[in-house]
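Novice: Give me a 3D structure for the following:
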Amino acid sequence: ERKVFLRGLSDHFHFGQLHGEILRIFGAVDGSRKNVDCLMKTKQNVLVYPGGGHEVLKPSNVPRYTLMWKERLGFARMAIKHGYPIVPCCSVGTEDMMDTIIDIPVGFLRKDLQIPIISPILRLQKVYFWFGEPIPTDQYKGDYMNDEFAREVRDKVKTAVESGIQELKEKQENDPNRFLFDHAANCANGSMKMILDFCGKAINKQSLHEQHTDDQLRSEKKD
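Specialist: Modelled structure (predicted):
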């Protein structure tokens, strides 16, 4: 609606594979600092997941929606360098659809990385999105090599995202239409109620019309 085109930063690993070209078609960019510099110098909107591949391929022993940012400061440094405001965002729902059967270590691809094998049975449900207030960085005057500034920005963003996740989880918990089949059943019940209400009103209207007609006939007979 706002006509904002996001350039998503993707893991270097993807661009050495066949599907890398498909990602490029959809606007994804290899998430190197050099590329981020180029994007920000031209004032493009950048989408970044600081947790990277480890967070996407979250192992089963890590609680759902846990942020796995470690001590990464790259996104904060780049935002400070170019004076970019950061809009914290998150979603809840996707991780609840899947159950991990087993985690397969793939340390030969990247240190400590595991690939979760998920159950083929998915619990289809809503995915909720949250966007927070922009977090400014221009007050740091471009001093992106200052570790204290970078940590401050990272921690502000992380706190905001975690708050958003908690807000969405509460909304999810109280949503009667969270699951696909519940939503379909509630829609069907709502439609049926509307039909019954309409039919009831139509029958009542017909009854009133017939009673009025009978009253008129009785009145004419008396006359």
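Novice: Tabulate the CA atom coordinates of stretch 170-179 in PDB.
Specialist: Output of stretch 170-179 as PDB, limited to C-alpha atoms (Å, rounded to 0.1, in the frame of the first residue of the first chain):
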ATOM      1  CA  GLU A 170      -1.000 -13.100  23.300                       C
ATOM      2  CA  LYS A 171      -3.100 -12.100  20.300                       C
ATOM      3  CA  GLN A 172      -2.600 -15.600  18.800                       C
ATOM      4  CA  GLU A 173      -3.600 -17.300  22.100                       C
ATOM      5  CA  ASN A 174      -6.900 -15.400  22.300                       C
ATOM      6  CA  ASP A 175      -7.900 -15.700  18.600                       C
ATOM      7  CA  PRO A 176     -10.800 -18.100  18.100                       C
ATOM      8  CA  ASN A 177     -10.000 -18.200  14.400                       C
ATOM      9  CA  ARG A 178      -6.300 -19.000  14.800                       C
ATOM     10  CA  PHE A 179      -6.400 -22.400  13.100                       C
END
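Novice: That one: how far from the chain's middle?
Specialist: 15 Å (C-alpha atoms, centre = their mean, to the nearest Å).
Novice: now the residue most central in space within the chain: how far from residue 172?
Specialist: Closest residue to the average C-alpha location of the chain: residue 91 at 3.0 Å, with C-alpha atoms, centre = their mean. With distances taken as C-beta to C-beta, to the nearest Å, residue 91 is found 11 Å from residue 172. In this view, the C-beta of every residue, glycine as well, is placed from N, C-alpha and C.
Novice: if I look at the two, which residues touch both of them?
Specialist: residue 128 (C-beta atoms under 8 Å, 6 or more residues apart in numbering).
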